[in-house]
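In: Build me a model from this:
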Amino acid sequence: HQLGYHGIAFCHTAFGRLKPERDDADKTLPWNQLLPSDADVESQSNFGRANSLGMKVYRRLNIVIEEVSDVSQMLLPYT
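Out: Reported below is the predicted structural model:
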């Protein structure tokens, strides 16, 4: 691992309420654009995938709360 790093995270930032059509991870940070098509399927998990250098690659969501009511929308089950 160059420079001592063992992981990398690509981030998407959402402002206010989450919208599936806009903020879905597979739309904003699709794996096929973050990793080569020959990525090792055995090293994939819900929390990241390994690239050809053995580094873990993660997708991360940053949420900027604009209204207090947005917090309950994120914590309650989606219907």
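In: going forward, measure contacts and count neighbours with C-alpha atoms only.
Out: OK.
In: Can you report how many residues lie near L3?
Out: 5 (other CA atoms under 10 Å).
In: the helices in the chain, which residues?
Out: Using DSSP state H, the helices of the chain run over 20-23, 25-28, 31-34, 69-75.
In: Those helices into a markdown table, with extra columns for mean neighbour count?
Out: Shown next, in a markdown table, are those (neighbours: other CA atoms under 10 Å):
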| stretch | mean neighbour count |
| --- | --- |
| helix 20-23 | 11 |
| helix 25-28 | 13 |
| helix 31-34 | 13 |
| helix 69-75 | 12 |
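In: Please produce TSV containing those helices, extended by mean pLDDT.
Out: TSV is the format used below for these (pLDDT from 0 to 100):
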stretch	mean pLDDT
helix 20-23	88
helix 25-28	89
helix 31-34	84
helix 69-75	76
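In: In CSV: the ones you listed, plus distance to I63.
Out: Below are those laid out as CSV (distance: least, CA to CA, whole Å):
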stretch, distance to I63
helix 20-23, 10
helix 25-28, 13
helix 31-34, 20
helix 69-75, 10
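In: Out of those helices, which gets nearest to F10?
Out: helix 31-34 (8.3 Å; CA to CA).
In: tell me which strands and helices the closest one is in contact with?
Out: Using 3 or more CA pairs under 8 Å, 6 or more residues apart in numbering; DSSP states H and E as the contact criterion, no secondary-structure element is in contact with helix 31-34.
In: when you give positions from now on, start the count at 74
Out: With the count now opening at 74, the last piece we talked about shows up as helix 104-107.
In: How far off centre is it?
Out: 11 Å (CA atoms, centre = their mean, to the nearest Å).
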